[in-house]
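# could you work out the structure for the sequence below:
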Amino acid sequence: MNFHILTLFPEMVEQGLNTSILKRAREASLIGVHAVNIRDYTLNKHGKTDDYPYGGGAGMLMQAQPVYDAYQAVIKKLGTSQGQKTRVVYLTPQGKTFTQKMAQDFSREENLIFLCGHYEGIDERVLEEIVTDEVSIGDYVLTGGELAAMVMIDAIARLAPGVLNNEESARTESFHKDLLEYPQYSRPETWRGREVPKILLSGDHKKIEAWRLEQSILRTEKKRPDLYGKYLETQALIEELSENKLIHMDMIELLRRGEAEFLVKDGEGVLLSPKGTEIAMLYCRNEAAGRRILETFARKDPGTVRNFVAHQTFMFPVLREETGWEEEIVCRQAVYTRGVTLPVGKGLEIRKLTEEYAEFVGNHYDLAGDLCYVRQRIRAGVMYGAFVDGLPAGFIGEHEEGSIGMLEVLPAYRRKGIGAALEAFYVNKMLAEGRIPFGQIIKGNDASMKLQEKLGFRISRDTLCWFSKK
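Modelled structure (predicted):
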C-alpha cells in the first residue's frame, strides 16, 4: 500500500518513516511513503502558504490553494479511477480518536492521503472539498500533523501483508479480540530473583497457549475493565451461537478471531459485519427481534452494506418483503470439525496466485463476479492455484467473511482428485492458523455436497440465505 503525506516538512516525515521495520518494508516495496511538499504548489513567489484568518484572531491559517493543488498532483499521479476513491485523512484534534479497529480499516486501502495541518489550522473550504476522514491520535494539541501522521502510518503499515516477518504478531498483540497481550519473557531464565514461568519452558504448546489466553484475560480485567466487559459480552454471544454451531460457524469464527464489527446489538439478536467488508450477518432468536434489528439498521445504515446474510429461515420471508433486498443464494454451511490434517496427495504443485492470474480466475469461475473482487482476494494472499506440468489446472480461495470458496477445476483436469487436493490443502492451511475451516454449499450443488462429505465436513441441517441490494 502507499501513503501520500501532504506536509510543509517533508524531511521530517521521510526521516521518521525510514527506520526499522518500516524501512525494510519500503526497501522491499511492501509499502510506499511519498512526502509531498505543499510549498511546491503555492503561487506566492516567496513560497508563502499561510495568511491571516478572516474575522481576526491569533496566528496564521494555511491557505486553500496550495493544499488543494498538492492534493490534485497526487490524484493525477494515481490516475482518475484510483484517485477518485482515495481516502484523505486530515489529522486534527477535532477528529475521531484513532484506534486499532481504525488501523485495520485503513490497512485495506491501496492508497491513503494524509493532510498535515500547521499554525492555526487549514482553510475550511479545502477541508470540505477533499477530506474524507478526520482523525485525532488523542486529546492534546501538537505543533503540526506530521507526528500524528507518522503514528497512524506505523500502526497501519504493520498490518499490510508481509510487513511483519512473523504475521502472527499482528494477530496476538494488544487489542486483538478485545484482550491485552499476555506477558512475554526472554533470556536469562532468572533475572534479579525473578524466574520465567515454568509453563513457558515446558515445550507443551497447547498448555502454553492456554496459559497465554488466561494471562491475557486476567491482564485485561485488571488494566482495561472496559475491554474486559466487551470480551465477556462476545464470549456469551459465541456460546449462544454455538447451540447451533454448524449454521452459525461463519459468525462464530469472526467473533473468535476478533474480526467482527457490531452494527446492531439487541437483547435477542445481533447484526455484525466482517471488518472492512460490505457484508452484514443477522442472528436473532425470533422474528420480532429480527424486525427490530432491521428497523434499527435501516435508520443508521450509511449505505455501505451491499450483501446481507440471514441465519434463521423465519427471517427469509421478512427480508423478501423488504424493498431494498432481493434473495440471491440459499446455502448450507459445511464445517470441518475433526481438527486433523487431510492428505493432499503427491505430484501436484499448489502455490499462491499472483495478480497475473486474476483474469484467468475470472474467466473460469462463474461466481467470481466483479474482477475487482478477484483481484482483491489475490492481493489479500488467499487465492491458490493447482498446477500440472506448469499449467494452471484449478484454483481455490477464501471469501471476505472467511469461508473456503471459489473452488474450480478446469474441465480437462476433472476427475483426477485435484478439487479434493485443493480443498484439503486449504483446510490444512486454516488448521495451521488455528482456525476452523468452513464453507457454504449452494442449494442444489450436489457435486460440492459430495466433496465436502468425502473430506469429512459436517453439513448444517438448516440453511442460511444471502441477499443483495437491488
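# thought residue 125 was touching residue 64?
Yes. Between residue 125 and residue 64 there is a contact under CB atoms under 8 Å: 5.1 Å. C-beta here means a position set from N, CA and C on the backbone, and glycine is covered the same way.
# the more surrounded of these two?
When residue 125 and residue 64 are compared for neighbours, residue 64 comes out ahead with 17 against 12, by other CB atoms under 10 Å.
# so that one versus residue 131, what's the distance?
Remark: distance between residue 64 and residue 131 (CB to CB, to the nearest Å) = 12 Å.
# low-confidence bits of the stretch 51-200 of the chain, can you list those?
Across the stretch 51-200 of the chain, the ranges flagged by pLDDT under 70 are 80-84, 165-176.
# helices of that one, start to end?
64-78, 80-83, 100-106, 124-130, 146-157, 168-172 (DSSP state H, counting those that start in this stretch).
# with the stretch 351-470 of the chain instead?
358-364, 371-379, 418-432, 446-455.
# in JSON lines: these, plus distance to residue 150 and mean pLDDT.
Formatted as JSON lines, these follow (distance: least, CB to CB, whole Å; pLDDT from 0 to 100):
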{"stretch": "helix 358-364", "distance to residue 150": "33", "mean pLDDT": "92"}
{"stretch": "helix 371-379", "distance to residue 150": "25", "mean pLDDT": "88"}
{"stretch": "helix 418-432", "distance to residue 150": "35", "mean pLDDT": "97"}
{"stretch": "helix 446-455", "distance to residue 150": "48", "mean pLDDT": "96"}
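# of these, flag the one that's most buried.
Of all the helices of the stretch 351-470 of the chain, helix 418-432 has the most neighbours on average by mean count of other CB atoms under 10 Å, namely a mean of 20.
# same for that helix, what does it pack against?
Counting contacts by 3 or more CB pairs under 8 Å, 6 or more residues apart in numbering; DSSP states H and E, helix 418-432 is packed against strand 349-352, strand 384-388, strand 391-398, strand 404-409, helix 446-455.
# closest to residue 95 out of the ones you listed?
strand 391-398 (33.3 Å; CB to CB).
# just checking, what packs against that closest one?
Applying 3+ CB pairs under 8 Å, 6+ apart, one finds that strand 391-398 makes contact with helix 358-364, strand 384-388, strand 404-409, helix 418-432.
# re earlier: and of the helices and strands packed on helix 418-432, who's closest to residue 101?
The nearest among the helices and strands packed on helix 418-432, by CB to CB, is strand 391-398 at 21.3 Å.
# tell me the angle the closest one makes with helix 418-432.
For strand 391-398 against helix 418-432, the angle by axes from the mean of the first three to the mean of the last three CA atoms, to 10 degrees is 40 degrees.
# distance between strand 391-398 and the chain's centre?
On the basis of CA atoms, centre = their mean, to the nearest Å, strand 391-398 sits 23 Å off its chain's mean C-alpha point.
# turn the helices of the stretch 51-200 of the chain into JSON lines, columns for distance to residue 139.
JSON lines is the format used below for the helices of the stretch 51-200 of the chain (distance: least, CB to CB, whole Å):
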{"stretch": "helix 64-78", "distance to residue 139": "25"}
{"stretch": "helix 80-83", "distance to residue 139": "33"}
{"stretch": "helix 100-106", "distance to residue 139": "16"}
{"stretch": "helix 124-130", "distance to residue 139": "20"}
{"stretch": "helix 146-157", "distance to residue 139": "12"}
{"stretch": "helix 168-172", "distance to residue 139": "27"}
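# low-confidence regions, the stretch 301-450 of the chain specifically.
302, 322-323, 367-369.
# swap the cut-off to 50 and go again
Low-confidence segments of the stretch 301-450 of the chain (pLDDT under 50): 368.
# before we move on, the earlier item: of the helices and strands packed on helix 418-432, which is nearest residue 87?
strand 391-398 (25.0 Å).
# okay, now the sheet partners of the closest one, with direction.
Strand 391-398 has the following sheet partners, assigned by DSSP bridges: strand 384-388 (antiparallel), strand 404-409 (antiparallel).
# and stretch 29-44, average pLDDT?
Mean pLDDT, stretch 29-44: 96.
# can you list contacts of that stretch?
Stretch 29-44 has contacts (CB atoms under 8 Å, 6 or more residues apart in numbering) with 1-8, 10-11, 13-14, 17-18, 22, 25-26, 47-49, 62-63, 65-67, 69-70, 73-74, 153, 157, 160-163.
# which of those count as buried?
Neighbour counting with 16 or more other CB atoms under 10 Å marks 1-8, 10, 13, 17, 22, 25-26, 49, 62-63, 66-67, 70, 74, 153, 157, 160, 163 as buried within these.
# alpha carbons of stretch 45-58, in PDB - could you do that?
The C-alpha trace of stretch 45-58 is given here as PDB (Å, rounded to 0.1, in the frame of the first residue of the first chain):
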ATOM      1  CA  LYS A  45       6.700  33.900  -5.200                       C
ATOM      2  CA  HIS A  46       8.100  33.800  -1.700                       C
ATOM      3  CA  GLY A  47       6.800  30.300  -1.000                       C
ATOM      4  CA  LYS A  48       4.200  31.500   1.500                       C
ATOM      5  CA  THR A  49       1.400  29.100   2.200                       C
ATOM      6  CA  ASP A  50      -0.400  30.900   5.100                       C
ATOM      7  CA  ASP A  51      -2.200  34.100   5.800                       C
ATOM      8  CA  TYR A  52      -4.200  35.900   8.500                       C
ATOM      9  CA  PRO A  53      -7.700  34.500   9.200                       C
ATOM     10  CA  TYR A  54     -10.800  36.500   8.200                       C
ATOM     11  CA  GLY A  55     -12.600  37.800  11.300                       C
ATOM     12  CA  GLY A  56      -9.300  38.200  13.200                       C
ATOM     13  CA  GLY A  57      -7.800  36.000  15.800                       C
ATOM     14  CA  ALA A  58      -4.300  34.800  16.900                       C
END
